[in-house]
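1. heads up, no residue letters with this:
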């Protein structure tokens, strides 16, 4: 009842024709320079990160799978001054928002189940999983 749609903007994104990419997350970056346009970033499950402008033109594309972490990307967030991308396989990658250059920050061996940033972008809450180890001698 209390939600009112004030406007709508649709864009078409042409992903590589050989891919069957599924967009799993997006974020919009509003520049501090008010003369510049905001841009939208889309993240696919297979680690394709695409930055597009308001006209829908691709500004750059970054393949996060160059770090060979096995896909399952699920989150992209703008934490000034960079993007942070998270993978269910446990990878944390930062990406320069201007150039699209990625850097692998770390990997949680047991993977990530979920994550959320605090409103001020200072704290990242992560839910990880652990594998239960079989006790020695328990062969039943």
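-> Nice, thanks for sending it over. Remember, predicted model here, so these are calculated numbers, not experimental data.

2. What degree of burial does residue 28 show, as a neighbour count?
-> By the criterion of other C-beta atoms under 10 Å, residue 28 has 9 neighbours. Just so you know, the C-beta spots here come from the backbone N, C-alpha and C atoms, and that holds for glycine as well.

3. What strands flank the one helix or strand it maps to, and is each parallel or antiparallel?
-> In this structure, residue 28 is located in strand 23-29 according to DSSP states H and E. As defined by DSSP bridges, the strand partners of strand 23-29 come to strand 39-44 (antiparallel).

4. Report all helices and strands that the next helix or strand after the strand it pairs with contacts.
-> Next along the chain after strand 39-44, taking DSSP H and E as the criterion, comes strand 48-52. Strand 48-52 sits against strand 39-44, strand 58-63, with contacts defined as 3 or more C-beta pairs under 8 Å, 6 or more residues apart in numbering; DSSP states H and E.

5. where does residue 31 land on pLDDT?
-> According to the prediction, residue 31 has pLDDT 75.

6. Could you check how far it is from residue 76?
-> Distance from residue 31 to residue 76, counting by C-beta to C-beta, to the nearest Å: 17 Å.

7. Neighbour count for those two, which is higher?
-> Neighbour totals were compared for residue 31 and residue 76, and residue 76 leads with 20 against 11 (other C-beta under 10 Å).
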